[in-house]
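*Asks:* Would you be able to build a 3D model of this:
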Amino acid sequence: MDAITFASTIALFTLVIIAVVEDVRFMRIRNRLILIGLVLGLAFRILEEGSQGVISYAIGVIFPVILLFLLFLARILGAGDIKLFSMIGGFVPLEQLIVCVGCSFLAGGILAFILLFVRGYALQSLTEGIRYMGQVAFGQLGEYEGRKKKEHLMHFSVAILLGLLITKGGFI
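*Replies:* Here you go, the predicted model:
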């Protein structure tokens, strides 16, 4: 790993860890942090790839918005989570971003199950989730009611950090 790639990786992890702390403490990720990450991601991409880096950067930043927009509309995923994925997409190649998103959702599912089980809401949440999936299957894309219950919520940024660790750590 060369010095630029190393610095880029350190910057990315630092930004994502700060985002997790903000999300856990304040239930939001500041746009200023995302903006700093987007600017740094572009700078590192240009340093690593030259002018071609601008194109791969743009694809990486836009891809999560397009991919995850329906989950945002259904209020399953927050805007901060999508912006965090976009920021990550500014730093990493598209292939790594796709793996990161997949690993994040897998980690999120495991974390959510553990939290709901520990909190005693696993069966209730599973029932609501199945009901919602049935509505979606019949073309009724509404808001997921479970999101309105504070005890059912989790900080998905933690799952995103885990997905990034798995992806960049070479576990997949």
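*Asks:* lowest-confidence helix or strand of the chain?
*Replies:* Ranked by mean pLDDT, DSSP states H and E, the weakest helix or strand in the chain is helix 122-137, scoring a mean of 72.
*Asks:* pLDDT weak spots in this protein?
*Replies:* The chain contains residues with pLDDT under 70 at 121-123, 125, 136, 141-152, 171-172.
*Asks:* Which neighbouring elements make contact with the longest helix seen in the chain?
*Replies:* Ranked by number of residues, the top helix in the chain under DSSP state H is helix 94-119. Judged by 3 or more CB pairs under 8 Å, 6 or more residues apart in numbering; DSSP states H and E, helix 94-119 is in contact with helix 52-73, helix 79-91, helix 122-137, helix 156-168. For glycine as for every other residue, the C-beta is placed from the backbone atoms N, C-alpha and C.
*Asks:* angle of that helix against helix 156-168?
*Replies:* 130 degrees (axes from the mean of the first three to the mean of the last three CA atoms, to 10 degrees).
*Asks:* buried ones in helix 94-119?
*Replies:* 96-101, 103-105, 107-108, 111-112, 115-116 (16 or more other CB atoms under 10 Å).
*Asks:* again with stretch 63-83
*Replies:* 63-64, 68, 74, 76-78, 80-83.
*Asks:* With distance to V21 as new columns, can those residues be given to me in TSV?
*Replies:* Shown next, in TSV, are the buried residues of stretch 63-83 (distance: CB to CB, whole Å):
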residue	distance to V21
F63	26
P64	21
L68	22
A74	27
I76	23
L77	19
G78	16
G80	13
D81	15
I82	19
K83	16
